[in-house]
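[1] Here is the input, now give the coordinates:
(3 chains)
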Amino acid sequence: MRKPVIEFDRFTFQYRAQSEPTLHEISLTLYEGEKVLIVGPSGSGKSTLAHCINGLAPHFYPGEYSGSLKIMGKDASDSGIAELSDLVGTVLQDPDGQFVGLTVAEDIAFKLENDGMGHAEMLRRVREAAEEVDFADFLNASPQELSGGQKQKTTLAGGLVGGAPILLFDEPLASLDPQAGRATIELIDRLHRESGRTILIVEHRLEEVLHCPVDRIIVIDEGRIAADLPPDELLCSGLLREKGIREPLHLSAMRYAGCLLSPAIKPRSVETVDLHSATGQLARWHEANTAVSEPAHREPLLEIEHLTFGYDPKSPVLEEVSLTVGRGEILCIAGRNGAGKSTISRLICGFHKPLSGSIRLDGRDLSDDTIRERADRIGFVMQNPNHMLSKPMLYDEVALGLVNRGVPEAEVRERVNETLRVCGLYPFRSWPLSALSYGQKKRATIASILVLRPEILILDEPTAGQDFRHYNEMMKFLTELNNQGMTLILITHDMHLMLEYGQRAVILSEGRKIAEDVPARILGNAALMEEAHLHETSLHVLARRVGIYPEAEFVARFIRSDRGLLN
Amino acid sequence: MQSSKGFSVKTIVAIGIGAALFVVLARFGSIPTGIPNTNLQTNYAILALFALLYGPWAGLLIGLIGHSVADLLSFGPWFSWIIASGVVGLLVGLLTRGIRIHDGEFGGKGILRFNIAQIVANAVGWFVVAPVLDIVIYAEPANKVFTQGFAAGGMNIVIVAILGTLLAVAYSKTRTKRGSLTREA
Amino acid sequence: MAAKLLAYFDTGSPIHRLNGVTKLSVFLLFSVTGMVIYDTRCLLAMLVLSLSVFAWSKVPFKQYSFVLYLILIFSALNQLAIFLFAPEQGVQIYGTRHELLPIAGRYTLTAEQLFYQLNVLLKFAVVVPPALLFLLATEPSEFASSLNRVGVPYKVAYAISLTMRYIPDVQQEFMNISTAAQARGIDLSRKEKLGRRLKNMGAILLPLVLATLERIEKVSAALELRGFGRNRRRTWYRSRPLTRRDIVVLICAVLISAVAFTITFWDGSRFYNPFL
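    As a prediction, this is how the structure comes out:
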C-alpha cells in the first residue's frame, strides 16, 4: 500500500485580489517516492498549485480556499510556511532571488540557522547537502562568482538540507542554459533514485524534463486537472498540442511522417523510443520533402572585424571576433553565460569602447558615433522589459525616445500611433504599463525602440520565461517585422528559437567565435555543443537513429513543415 | 507600532534591499547642480519612498544602515549625518501612516501629505538633528554646520518633492485595478 | 565597471584571525570614544595605536588607496569650511588668542584655531583605521552574526547581511538600466539642463525602483520558504567562539576607552587646553 504524501480533495483556491478562483475543485493524490511533473500554460494555475503545497498561498499571497489539502497527513491549513518548510523543500526559478546568503555555505545553511541548529551539526549537515549535489568544492564562493546552474545547485542543497521528504521545483529550468538545464534534470533524477524523496516538478518545458523518466504527468488547464497520465500515454494522446504545450520535437516529427504513436513504443525519450515501425515512414517523409536551400547571400549591413574588448587587456572578454550581419537577416548569437554574447551587443550599441577592431554599418565606421547616434540606427531590447519601461503610461513610454530627440509633437503622435498599430498595442494606448501582461510589456519595449526607426534590432533573449503560446506570438510578431525588412540579431541560448527562426547562427565561447553557420548544422555538431553549453536536439538524434544523413538536412525539412503548419 | 521582534519578513527584506539601493544611488545616482561640490542626492528620494511604502521602522533602518554602509565605502563614518538620515526616514514613515498607497490611493491629498511629511522630516533631520549633533560630537562651528544643514536639507526637500513624488505616483498607478480599463478602437 | 571600492582581503594577519565580534566591538568602542572625547593627548594616543594596528594587519595599500584619497579630500574641504565660517572658533573654545598670521579682513590664523582644527581632524582620523579594518579584515559574512552577538536583534542584523548581498546586484541593475536609457536619449551628463537631468534621472529610477520592489517580493518569498523568522533566536553558520586572544583584545579596548574618558573629563571639560 503506497503512502499518500500530498492529498488535494475538492480543493478550490482564490487569490484575494482576483474575482475568480485560480484553482477549481482539484482532487489529486501524490504518493511517497513518486516523481511527478506538472505542466500547463502560463496562467493555468500550475504555479498556484505549487504555492498551495509550500504554503506561499495563502500565507504570502493572500487568498481563500475550500476543500482540503493534506501534506504528510497533516492539514495544510494548520501549518504556516515555516512548518511546511520542514516537509517541503522548494527550489524557485529565479536563482538570484533565492540565493540569499553571502556565500554558498551560508545559503545552504540558511534553513538550519533559522531552525536554531547547533553549530557543529550545522557544519556537518551543510557539507553533506553540498556533497549530495556534488558542489562541496564551492562552499566559500560568493553568488557573483557563480553561473546560473551553480546558483541553482546551491539552492537545491539548501532545499535538501532540512531533510524535507518532499522536494518541489517551481520552473527550475526557466533561467538556465540547455546544458545546465539538462544537468539539473539529471541531478534531480539521481536525488530521486538515491534518496527516495517525493519529487514534484512544475515546468512547461516538457521535452527537457522528460530527458529523465517521471512517473506521472499532470496537465493543468484553466485551474483544473486536464490529464493525469503516465508520460508515454499522455504523449500519444495529442492533448498537449491542444493545451498549448510544446511536445518533444522528435514526437512532432514522427507525427508529420504519419508514424503510429502508441504507449507501447515508449515515445518519452528519443534515445529509447522504439523506432522499429517508424524508420521506413520517417525515411519516406524525408524523401518526399524537397531539399532546403541554403540561405541566400545578402548584402552586408553590419560588419564587425577583429573586435577585442576587456576591462583588463591581458584577459579580454571578447577576442578578435569578426562577423557580418546581412540586410534583412535573422542572426542568432549563442553561447554560454559569460561567453561574450551580451558584451558584443553592448559594443555594437556603443555602451563600451572596444580595445581594437571595428564596427561598420552600411560601410561606415561607427567608432566616433555616440550611444545616442548609434541608437537612431541600431535598437537594443533588453531581456527584462521591466528594466526598460520608464514611464507609467504606454503612450508616453513609446513617445519618450522621440520627445528626447526634440521631434515635433504632431510627428511624435503620428509615429507613436503607427508603431503601436504595428505592435498590436494600439487599443491599449492610454493604459498604464502596469496593466499590461508580460508579453505586452515586452512588445511595448520593442515599440519604444521601433518608433526610432532603426535598421537593426538586437533582442536579448526575446522569448525567455514565456510559454509556448506566448513564444509563438512573439516570434510571429518578430517574423512579420523581419518580412517588412527589419534586420534582427537575437541573443539567445534557446535552441528551439535558434533552430526555428535563426537564418544563421554565431556561437561564441570564452570570448571567441567558434562557429558561424546554419543553426541546424551547428546544433548537430557535438563538440561545438559541449563548448557552447548547448546540446544536441532530439531531431538530430532521431535522424541519426533512423539513418538519415546529414542530420541537419532532416532537421531543416522538419522545421520548414513545422513552420508551414504553424503559420 | 511594531517591535523589532515583530518585523514581518517583507519589512526586513525591504530594509536590506532598500539600504542596498540607497548605497548604490549614493554612489552613482547624484546629480551635479552646477555649483561645485553640491550634488542632488537621489538616494533621499528613495529613502522617503521606502518609508512611505514600508513604514517608520523601515525608514529609520534604511537611513541608518544605508548611510553607514555608504559612508564606510567612501570616506569613513560621519555619525551625526548618519543619525540624521535615520531620523528623516523614521519621521517620513510616521507622518505618512494611513496613506493607502498599496491600494493605489495616492491622489492630491496623498501627495500633499507626503510632501508635508517629507518637508517636516527633512527640516528636523537636516536643520536640527545633523547640525546639533555636529556641534555636540565634533564641536564644529555653529554657523558652518547650520549652513551645511540648510543647504543639504533644502536640496533633499527639493529632490524628494520632485523625484519622490513622481516615483510614489508612478508606484500607485502600478496598483490600478484592471477592471477600470477598456480598450479603445 | 565592477570596481569595488573596498573589499575583504585575507592577509592572514593576527587581526584577520580575530573574531568578527571583537573587531566590531573595538570599532564601535573607538567610534563612541572618539565621538565623545576631545582630549588631544588621548586622541593622539588612540590614533597612533590604531594606525599601528592597521599597519600590523598588512592590508595592501591598493586595497584602500582610493578611499584614503576620498578621506583626504573630504577632510581638506571640511577644514577649509570650518576656517571660512568660524576663524575664531578656537579662540572661543580655549579662551586665549595667540595670533600667528593675519590673512585678510576677519581672517587671522591663530594658534588656538590651528590646534582646534587639528582636534577636529584627529577625531575623524581616529575612527577611520578601525572602520577600515572592520571592513577590510572582516568577512562580510561575519557582520551579521557579530551584530547579533553584540545585541542587535537578529532580524535587523540579517537585513544588513541582505544589504551586503544585494549591493552588487542592484549596482549591476542600475548600470543596465541607465545604459539602455542612454540609448533612448536619456542623458544624465552635464550637457543637459538641471531640470531635464532630474527628469531623466526619474526615467532611470522608476524601472530601478519597480525592479527592486519585485526583488523584495521574490526574496521575501524565498526567506519565508526556508523558515526565516520562525523562532525568537537563530544560530549562525559563520559564528565562532571567542578565543583568549579575542578576550584580551576586548579587555584592552575597554580599558583604553575608560582611560581616555577619565583623562578627558578629569578636569570637568572635554577639551584639553595647552594654552593655559
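[2] Give me the buried positions along the lengthiest helix in chain C.
    When chain C is parsed with DSSP state H, its longest helix is helix C:194-225. With burial defined by 16 or more other Cβ atoms under 10 Å in any protein chain shown, the residues of helix C:194-225 counted as buried are C:197-213, C:215-225. Glycine gets a C-beta too; all of them are placed from N, C-alpha and C.
[3] Please apply the same query to stretch A:244-260.
    Quick answer for stretch A:244-260 (16+ other Cβ under 10 Å): A:244-254, A:256-257, A:259.
[4] With respect to pLDDT, which of those residues ranks lowest?
    In terms of pLDDT, the lowest of these is A:Gly244, showing 87.
[5] Which secondary structure state is assigned to it?
    Under DSSP: H, G, I helix; E, B strand; the rest coil, the three-state class of A:Gly244 is coil.
[6] now swap in A:Leu30 and tell me
    What three-state DSSP gives for A:Leu30 is strand.
[7] give the contact list for it.
    With contacts defined as Cβ atoms under 8 Å, 6 or more residues apart in numbering or on different chains, A:Leu30 is in contact with A:4-7, A:36, A:198, A:200.
[8] related to what we said a few turns ago, of all the buried residues of stretch A:244-260, which comes closest to B:Ala121?
    Relative to B:Ala121, the closest of the buried residues of stretch A:244-260 is A:Gly244; by Cβ to Cβ it sits at 51.6 Å.
[9] what stretches of chain A score poorly on pLDDT?
    A:1, A:565-567 (pLDDT under 70).
[10] and the top helix by length along it, which residues are buried?
    The residue-count maximum for a helix in chain A (DSSP H) belongs to helix A:178-195. The neighbour-count criterion (16+ other Cβ under 10 Å) identifies A:178-185, A:187-189, A:191-192 as the buried residues of helix A:178-195.
[11] hmm, who's touching it?
    Here helix A:178-195 makes contact (Cβ under 8 Å, 6+ apart) with A:35, A:132-134, A:147-149, A:152-153, A:156, A:160, A:167, A:169, A:172-173, A:176, A:197, A:199, A:201, A:205, A:208-209, A:211-213, A:336, A:493-495, A:529-530, A:533-535.
[12] about what we covered before: now do the helix or strand following the longest helix of chain C: everything it contacts.
    Beyond helix C:194-225 on the C-terminal side, the first helix or strand identified by DSSP states H and E is helix C:244-265. Contacts to helix C:244-265, defined as Cβ under 8 Å, 6+ apart, come from residues C:14, C:17-19, C:21-22, C:25-26, C:29-30, C:32-33, C:36-39, C:41-42, C:45-46, C:49, C:242, C:270, C:272.
[13] buried sites along helix C:244-265?
    Of all the residues in helix C:244-265, those buried under the rule 16+ other Cβ under 10 Å are C:246, C:249-250, C:253, C:256-257, C:260-261, C:264.
[14] how about the residues of the stretch 1-150 of chain C near chain B?
    In this structure, the stretch 1-150 of chain C approaches chain B at residues C:5-6, C:31, C:35-36, C:38, C:67, C:70-71, C:73-74, C:77, C:81-82, C:84-86, C:89, C:93, C:116, C:119-120, C:123-124, C:127-128, C:131-132, C:135, judged by Cβ under 8 Å from any Cβ of the partner chain.
[15] Of the residues you listed, keep whichever come out buried.
    Buried members of the residues of the stretch 1-150 of chain C next to chain B, scored by 16+ other Cβ under 10 Å, are C:6, C:31, C:35-36, C:38, C:67, C:70-71, C:81-82, C:85-86, C:89, C:93, C:116, C:119-120, C:123-124, C:127-128, C:131-132, C:135.
[16] ok, the longest strand along chain C: who's next to it in the sheet?
    For chain C, the strand with the greatest residue count under DSSP state E is strand C:99-104. Strand C:99-104 has its sheet partners listed here by DSSP bridges as strand C:107-110 (antiparallel).
[17] low pLDDT regions in chain B?
    Looking at chain B by pLDDT under 70, you get B:1-5, B:34-38, B:176-181, B:185.
[18] Now do the strands in it.
    For chain B, the strands defined by DSSP E occupy B:30-32, B:39-41.
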